[in-house]
Structures are given as C-alpha cells and as structure tokens.
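>>> I would like the atomic coordinates for the input below:
(chains A and B)
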Number of protein chains: 2
Amino acid sequence: MINYPNGRKPMETGQRSVEFGRRGMELEKEINRTNQFYLSRDIAVIHKKPTPVTIVKVDYPKRSAAKITEAYFKLPSTTDYNGIYKGRYIDFEAKDNQLLTSFPLKSIHPHQIRHLDAVLRHGAIAFVIIRFNKKNETYYCPADKVVNYYDHTQRSSIPYSWFQENGWLIPSSYLKPVDYLVIVDRLLTQGDSYENRQK
Amino acid sequence: MINYPNGRKPMETGQRSVEFGRRGMELEKEINRTNQFYLSRDIAVIHKKPTPVTIVKVDYPKRSAAKITEAYFKLPSTTDYNGIYKGRYIDFEAKDNQLLTSFPLKSIHPHQIRHLDAVLRHGAIAFVIIRFNKKNETYYCPADKVVNYYDHTQRSSIPYSWFQENGWLIPSSYLKPVDYLVIVDRLLTQGDSYENRQK
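A predicted model of the protein is given here:
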C-alpha cells in the first residue's frame, strides 16, 4: 500500500470535484485558461466578456478606490465569449449541465440564440460549448445546428444522443483544458458549413 | 422674433451641452445608438462590452433579485467594443477629449494598446474613435497608426494635427450619430492597410 504525502488518495484521472454553488465555474475557468494559452502563444485573441451588471450606487471614499455599493445582475444580450482566430470572428457561449440524458434549453437565453443566429448571418464561426459534468464530456456544437434545433423543437431540452450525433468532443490537456480550436480547425479544413453559409 | 414652445432658444447645430461628471457618456451613448441601428437593420453585430467589475459581496434577499453590495471597477484588459461586419472581426476603443490641441495618451491603457496590436496581427479591422468635444469632431484612427505612434513617441499626448493627417472625420446623423462603418467601407474599398497587413 502506498502512502500519499497528505494521507489521502489523489482523485483518479477524469474524476471531478465540483462544489455545489460553484457549478459552472469549473468550465469557465478552464475556458479562460485555454484562452490565456492561445493569447500567450499568439494563436488567437479570445476573451470572456465581463458579467453585465447594472450599477446603481457608487461611493467615492477619499484616498481610496470607488466602491460600488448597489448593483444588480443583468440578463446578457450576447454570448459570453468572442474574439478573432485566423482572421475569422469567433463567437460562443458555454454551459455546463448536471443532467445525464439531456440539456435543458432554458439554460440558454433566447437573446443569446438570436445573437448566435445574427453573427452566423455575418460570417462568424459560432458555436456552443456544452459540458455534461457527470459524464465528463465537453461538446463543441456548431451554432447553426443549435439555433435550428431551438427554433424547430417543441421540447424543452436537447437529448444527449443529439450531442453524440451533432457535436464534437473537445480534447483536453493541462495547458488547454478546453481546446476548442482543434475542432474549429477541423471544420475549417473540411470546408464546412461556415464557408457554405456565406455562399 | 420667434417664440420657441418652451420659451428657450434651442441649441445651435454642433453645440453640445455636456454636464461635468458625465463627460464621455455622450460619446458612448451615441456609439451604442449607432450600433443599435446597425443591429436592427442587420448591417453589423457590434456591442459594447459590459464594464468590468470585481464582485466581492452579493446579498440574496428572499423573493427578490440578488443584490451586489460590494464591488470595484477593474482595469479593462481589452477594448470596449467588438463584433462582426461583412465577415470581418471589428474591434475598437472610443475616447472623448476635453482638450483643444492634443489627446493625452494616458487616456488609453497600455493593455488596450497591446490588445489592438494583437487583434491587428490576426486580421482584425481595428481602430480608435477619438472625439474632440470642444471642436465637435469625432475621428476614426486606424489602430496600426495609433499603436505605432504610441510605441515610438516620447510625448505624453498626440497633437491635434496628427488626427487631421492620420484620422478620418466620422459622419453623424440622427439615426447613426457615430457612423464609423462609412469609414470602414471606404478603407476596405481602397484595399487599405487592413488587407496589406495580412499579406
């Protein structure tokens, strides 16, 4: 039997410790870390937008920084991430999901769907990253397919099988925990729907 | 003598009433209004990013919206505006200026200059919008020229004459108060530096 330095067996690979109340933060952090890597190697310039808040009251104490004392979260009118890669405009939203067999559509705000649809019309590379936490799988879902599903379904969720058919599993590594540009490259090489949409 | 309905003579065209403490808001509002017009006509999808804040404390009162009770303004690491137009990634910063003869470089954060430089390398259409409030002139300044000036000057400001030589006056109308896409179109048609940079 091996003795671990802190007396506890380390987590197995692929296992995830997600605290309740911090769900979603893990995916966001991993995407930020990946974007940071892309930026540091001058591969792409993609950032998360700040959380939109309505600021109501600000105190200006003498000799110190302005302090916001009353503010509220606002509904986002766009997606959370955008930027540029190989001269192309990149736009995406990311959501994690605690369910095993489906992804609830209410997790994506209607404004965000319309935003994805709009940027697609103008030639964007747009997609949604969905993580199935309990399966430890992260899917790249082309935005045109998500928008199309959203606009034509009567259901309130997307079944897991849809992701297996229409999504792409995003590879993960230490430096690039959510290496979504691998999928962007694959789709660009295949002369995929991004190019075809603009014809 | 004409009697005006509210008993006050309206401001002459070009005159501007800017309250102290709200400086800068006017330009931001006008750009937002222009972007809203572009969006509503499906011309371009360009948004202002939310103001970046660090949220420290949030109250969750029962039956009402979460209230942020302590937060601080963060320095922005990117520019304020980005989006897509004619398949191209658009990125810009906007600043107004109270001085008559120069624009202080400290108004633009070094991070924003490096960000503009990075997106240019990846093929963006990037620029800085500078308004000389007291002249009521709003200039489109190609980002490569701004970055180049910033990186090679010993001065702490850009003289007004530089804008006349290197910038483009942005036309204004009621629906499009800061109609910067007119300049983007002109530069794209001219096969300008945006295209040349990528060769």
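>>> quick one: contacts for the nearest residue to residue A:167 once chain neighbours are set aside?
For residue A:167, ignoring the flanking residues on the chain, the nearest one in space by C-beta to C-beta, 6 or more residues apart in numbering or on different chains is residue A:139 at 3.5 Å. Where you see a C-beta, it was placed from the backbone N, CA and C, and this is true even at glycine. Shown in contact with residue A:139 (C-beta atoms under 8 Å, 6 or more residues apart in numbering or on different chains): A:129-132, A:163, A:167-170.
>>> just the helices in chain A please.
Using DSSP state H, the helices of chain A run over residues A:25-40, A:110-121, A:143-152, A:160-166, A:181-189, A:193-197.
>>> same for the longest one, what does it pack against?
In this structure, helix A:25-40 makes packing contacts with strand A:45-48, strand A:81-85, strand A:88-97, strand A:125-132, judged by 3 or more C-beta pairs under 8 Å, 6 or more residues apart in numbering or on different chains; DSSP states H and E.
>>> Could you rerun that using 6 Å?
When contacts are defined as 3 or more C-beta pairs under 6 Å, 6 or more residues apart in numbering or on different chains; DSSP states H and E, helix A:25-40 sits against strand A:88-97.
>>> Give me the residues contacting the strand it packs on.
A:24, A:27, A:31, A:46, A:79-83, A:103, A:107, A:112, A:119, A:124-133, B:84, B:89 (C-beta atoms under 6 Å, 6 or more residues apart in numbering or on different chains).
>>> out of those, which are buried?
Buried by 16 or more other C-beta atoms under 10 Å in any protein chain shown: A:24, A:27, A:31, A:46, A:79-83, A:103, A:107, A:112, A:119, A:124-133, B:84, B:89, out of the contacts of strand A:88-97.
>>> returning to that earlier point: out of the helices of chain A, which gets the lowest mean score?
Ranked by mean pLDDT, the helices of chain A end with helix A:193-197 at the bottom, a mean of 50.
>>> any weak-confidence spans in chain A?
Applying pLDDT under 70 to chain A picks out residues A:1-24, A:192-199.
>>> Spell out which parts of it neighbour chain B.
For chain A, the residues in contact with chain B (C-beta under 6 Å from any C-beta of the partner chain) are A:45, A:47, A:49-50, A:52, A:65-66, A:68, A:71-72, A:78, A:84, A:87, A:89, A:118-119, A:122-124.
>>> Look up the closest residue to residue A:61, ignoring the ones flanking it.
Using C-beta to C-beta, 6+ apart, the closest residue to residue A:61 is residue A:67 (6.4 Å).
>>> Now do the one you found against residue A:79, distance only.
30 Å (C-beta to C-beta, to the nearest Å).
>>> residues touching the closest residue in space to residue A:116 that isn't next to it in sequence, list them.
Distances taken as C-beta to C-beta, 6+ apart put residue A:143 closest to residue A:116, at 4.2 Å, once the chain neighbours are dropped. Going by C-beta under 6 Å, 6+ apart, residue A:143 touches A:116, A:120, A:126-127.
>>> rerun at 7 Å
Neighbour list for residue A:143: A:116, A:120, A:126-128 [criterion: C-beta atoms under 7 Å, 6 or more residues apart in numbering or on different chains].
>>> and those residues, which two are the farthest apart?
Farthest-apart pair in the contacts of residue A:143 is A:120 and A:128; separation 11.9 Å (C-beta to C-beta).
>>> Surely the residue nearest to residue A:61 and residue B:72 touch.
Yes. With contact defined as C-beta atoms under 7 Å, residue A:67 reaches residue B:72; the gap is 6.4 Å.
>>> Residue B:93 versus the residue most central in space within chain A, what's the distance?
Note on chain A: the residue nearest the mean C-alpha position is residue A:94, at 2.1 Å, using C-alpha atoms, centre = their mean. As judged by C-beta to C-beta, residue A:94 and residue B:93 stand 26 Å apart.
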